[in-house]
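Colleague: let's see this in three dimensions:
(one chain, ligands or ions: 2)
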Amino acid sequence: MGRLNVLSGYEVTAVLDHQTAVMQEMAAGAPLSTVLDSVVCALEELMPASRCSVLLLDQAGTLRHASAPTLPAEYSAAIDGLKPGPFAGSCGTAVHFAKPVIAVDVTTDPRWVRFRHLAASHGLRACWSSPIRCRSQVVGTFAVYHIAPYEPEPRDEELVRRFTHLASLAVEHDQASSEREARHIADIARQTAERANLAKSQFVTALSHELRTPLQAITGFTENLQTLDLSPDQRRVALDQIGLASAHILSIVDDVLDLARVEAGAIPLELRLLDAHDVIAASLDLIAPLADRRNVTIERTGPPVTVNADRRRLQQVILNLMSNAVRFSPPNSTVCIATETGADHASIHVTDHGPGIPNELLTRLFVPFDRLGADAGREGGAGLGLVLARRLTEAMDGRFELASTVGVGTQITITFGAVRAGSLAPPNC
Ligand SMILES: Nc1ncnc2c1ncn2[C@@H]1O[C@H](COP(=O)(O)OP(=O)(O)O)[C@@H](O)[C@H]1O
Ligand SMILES: [Mg+2]
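Modeller: Numbers count the residues shown, from 1 in each chain. Ligands and ions are numbered 1, 2, ... in the order given. Down below sits the predicted model:
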């Protein structure tokens, strides 16, 4: 129960004003140290000869200063880390017995034996400490120091009671916010783990699905070879099919392993200064047979560019982009691979005149095994090419951009930081 009648009318108004200001600070989310400083300063203002401080218990059970704006810094530092006990000054003893301790004169008070020289050297003579409680546990103390022997009057007791209570509210509010925040962080971690789990099981389902078709082909043709009396031609066809299906499985397994390593940031890269045209030429040699079969012309343009990349991985990226461009191009059309350099970048553009990709499907482009409904066909991939190309480019510190217009075509650009300034030549197809 409050005993406001021991305070003057002016003091009651001042107490209420200070309480309101502190509550507003708490509501605005001010840090606990700021709120406690306000509580301490308010009490010092109402008890002019006093110096106040708040000590809070840390995890290890020692007292630490949470607010001591007017105490000598050296004194605060010496007291910091105080262990509560029956003779631990006013604060340590107040926490130990969970009761207020009034040391009217620290030079004679037996609980101050260990600290009286320290206090005297800083001109502190009296210390009155009241426990701060939070959810009925003692969490710290509110100390009021005086420079001369001092015994509190009822008015002082009422003021200290009110401001100690206010400090308790601030600590409780802070603990509740920390707990809310911890719960929030735990919720986010749980949701992230659930999403990762779901993505993993979707990945495994898609992978099993993708492997089933070539495995079925291998099983079927092997069974035919074992049980049927096949002609030499039929045997050759069966063996070819088994070879193709095995190669397909191998390439899926290679891509899955690369993807797992690049996503874990564990792909070994040998970054070197490379002539991009060299890597493009090597890639085009490998793509030429596919382009011939599809009747697609490949055009190569642009100035020499030097990029800092891993040769094998850059070729893997270019092959993935070129094979898509050729596969999705209509017969008799042209696929262009162009280099371009600027003051601060070197780019490689792969442009086709295929069907383009509708906007609403763009978000699915980099989902493993999602072919956006395209048929894998004889020469189709498993839907890993683009995601792998993007991740590899990014692992080499490159940028991966895709622009596509339905009915016009698709352009993919990979850009690296410039190694050497060259002439600017925008792609001309
Ligand atoms: N140049 C392109 N033009 C049109 N569609 C494309 C192009 N590149 C990729 N796609 C679409 O994106 C899908 C995913 O491509 P990708 O990851 O390389 O897998 P895959 O080539 O194995 O199907 C393709 O199946 C296709 O639907
Ligand atoms: Mg592909």
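
Colleague: what about whichever strand or helix holds Thr164, distance to the chain center?
Modeller: Taking DSSP states H and E as the definition, one finds Thr164 inside helix 154-227. Centroid displacement of helix 154-227 relative to its chain, using Cα atoms, centre = their mean, to the nearest Å, is 13 Å.

Colleague: could you check whatever helix or strand comes next after it against ligand 1 for contacts?
Modeller: From helix 154-227 onward toward the C-terminus, using DSSP H and E, the following helix or strand is helix 232-263. No: against ligand 1, helix 232-263 shows no contacts by Cβ under 6 Å from any ligand atom, the least distance being 8.8 Å. Any C-beta I mention is one placed from the backbone N, CA and C, and that applies to glycine too.

Colleague: for helix 232-263, what is the distance to the chain centroid?
Modeller: Taking mean C-alpha positions (Cα atoms, centre = their mean), helix 232-263 and its chain are 38 Å apart.

Colleague: that one: which residues count as buried?
Modeller: 238, 241-242, 245, 248-249, 252, 255-256, 258-259, 262 (16 or more other Cβ atoms under 10 Å).

Colleague: please name the residues that touch Gly29.
Modeller: Ser177 (Cβ atoms under 8 Å, 6 or more residues apart in numbering).

Colleague: ok, now with 10 Å
Modeller: Going by Cβ atoms under 10 Å, 6 or more residues apart in numbering, Gly29 touches 35, 173, 177.

Colleague: what number of residues are in the vicinity of the closest residue to ligand 1 within the stretch 51-200 of the chain?
Modeller: In the stretch 51-200 of the chain, the residue that lies nearest ligand 1 is Ala199 (16.5 Å; Cβ to the nearest ligand atom). For Ala199, the neighbour count with other Cβ atoms under 10 Å is 12.

Colleague: quick check: bridge partners of Thr141?
Modeller: Beta-bridge partners for Thr141, by DSSP bridges, are Leu55, Pro131.

Colleague: contact residues of the stretch 201-350 of the chain facing ligand 2?
Modeller: Within the stretch 201-350 of the chain, the residues that sit near ligand 2 (Cβ under 5 Å from the ion) are Asn324.

Colleague: got any ranges where the stretch 201-350 of the chain has weak pLDDT?
Modeller: Low-confidence segments of the stretch 201-350 of the chain (pLDDT under 70): none present.

Colleague: what residue in it comes nearest to ligand 2?
Modeller: Asn324 (4.4 Å; Cβ to the ion).

Colleague: repeat for the chain
Modeller: Gly385 (2.7 Å).

Colleague: what about the spatially closest residue to that residue that is not a sequence neighbour, how many residues close to it?
Modeller: Nearest residue to Gly385, sequence neighbours excluded (Cβ to Cβ, 6 or more residues apart in numbering): Asn320, at 4.0 Å. Other residues within reach of Asn320 by the criterion other Cβ under 10 Å amount to 23.

Colleague: give me every residue that touches Asn320.
Modeller: Contacts of Asn320 by Cβ under 10 Å, 6+ apart are 255, 283, 350, 381, 384-390, 392, 412.

Colleague: and which of the residues you listed is nearest Pro69?
Modeller: Using Cβ to Cβ, Arg390 comes nearest to Pro69 of these, at 54.9 Å.

Colleague: distance-wise, check the closest one relative to Thr341.
Modeller: 22 Å (Cβ to Cβ, to the nearest Å).

Colleague: helices of the chain, start to end?
Modeller: 9-27, 32-46, 73-79, 89-97, 116-121, 154-227, 232-263, 276-294, 311-327, 385-395 (DSSP state H).

Colleague: buried deepest among those, which one?
Modeller: The highest average neighbour count among the helices of the chain, using mean count of other Cβ atoms under 10 Å, belongs to helix 89-97 at a mean of 24.

Colleague: show me what that helix is packed up against.
Modeller: strand 51-57, strand 63-67, helix 73-79, strand 101-103, helix 116-121, strand 126-134, strand 137-146 (3 or more Cβ pairs under 10 Å, 6 or more residues apart in numbering; DSSP states H and E).

Colleague: again, only this time at 6 Å
Modeller: Judged by 3 or more Cβ pairs under 6 Å, 6 or more residues apart in numbering; DSSP states H and E, helix 89-97 is in contact with strand 101-103, strand 126-134, strand 137-146.
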